[in-house]
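Colleague: Structure for the following, please:
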Amino acid sequence: MLSSVCSAEITGQAGALAALKSEAPKDRLEAIQYLGAQRSDDAYAALALHFRQEKDAYLRVQLVEALDVTISTWSAACALEAADDGNLAVRAAAAVALAPLSGGEAADAKLSALAADPADSVRLAVVSSSARNPGPSTETLLGSVLGDKAAALPVRREAAGALAGMKSKKADAELLKYLSDPDPVIKKAAASRKPAPRPAARKKKAPAKTKK
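Modeller: Take a look at the predicted model:
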């Protein structure tokens, strides 16, 4: 069987492609790791095509984590598909993979959906990965999480902290909406970005009158 052949360390791309078809999860994992390390278009294409038929959720996570959306359209397409996966760990991995594509229409749509995911772990993945890889839409995305009252409090707090750490006008505008938030942690994060009051302008003294 193929699994017995591929159980040894993979030494070439042909062997890795064969190992992807193995019935043994260990062989497929080795193939995923090998192909991801190649950082080539052909390798990413093979991983993207395999994603659709991989039944093991753990291996789907490993597959998504092996992608690099910044250099491969195959990787980007696979990460977009992974965002709709039925397994929450795979969706969380997709959130991390898609964060560098912030500002793109397709990526923003998927990230927005993941930011409202029923699983708190997926929402947290969106917040943390977006904070590490800020892009044109990051502040708006984090603001939507912070403003979602259905989100768990730790998730909202994480979003508030991420916005405070960005120290940009756009992030501050999102965060300052919550100066009166009932949660003290969120309120403190918002207050930390509140502009300091300007000192009152000094009145100019009237010139002294000269004696005639």
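Colleague: For Thr11, report the pLDDT, please.
Modeller: Note on Thr11: pLDDT of 75.
Colleague: Which residues are in contact with it?
Modeller: By CB atoms under 8 Å, 6 or more residues apart in numbering, the contact list for Thr11 is empty. For the C-beta atoms, the positions are set from N, CA and C on the backbone; glycine is no exception.
Colleague: try Ala77
Modeller: Ala77 touches Ala48, counting by CB under 8 Å, 6+ apart.
Colleague: Before we move on, what's the pLDDT of it?
Modeller: Looking at Ala77, its pLDDT stands at 97.
Colleague: could you say which helix or strand contains it?
Modeller: For Ala77, the host element (DSSP states H and E) is helix 73-82.
Colleague: any idea how far that helix is from the chain center?
Modeller: Its chain's C-alpha centre and that of helix 73-82 lie 14 Å apart, by CA atoms, centre = their mean, to the nearest Å.
Colleague: buried stuff in it?
Modeller: Going by neighbour count (16 or more other CB atoms under 10 Å), the buried part of helix 73-82 is 74-82.
Colleague: So which elements touch the helix or strand that comes right after it?
Modeller: Moving toward the C-terminus from helix 73-82, the next helix or strand (DSSP H and E) is helix 88-98. If you count contacts as 3 or more CB pairs under 8 Å, 6 or more residues apart in numbering; DSSP states H and E, helix 88-98 packs onto helix 57-65, helix 73-82, helix 105-115, helix 120-132.
Colleague: Identify the residues contacting Ala151.
Modeller: Contact partners of Ala151, counting by CB under 8 Å, 6+ apart, are 120, 123, 145, 159.
Colleague: Tell me who's in contact with Asn72.
Modeller: In this structure residue 72 is Ser, not Asn. Per CB under 8 Å, 6+ apart, neighbours of Ser72: 41, 44.
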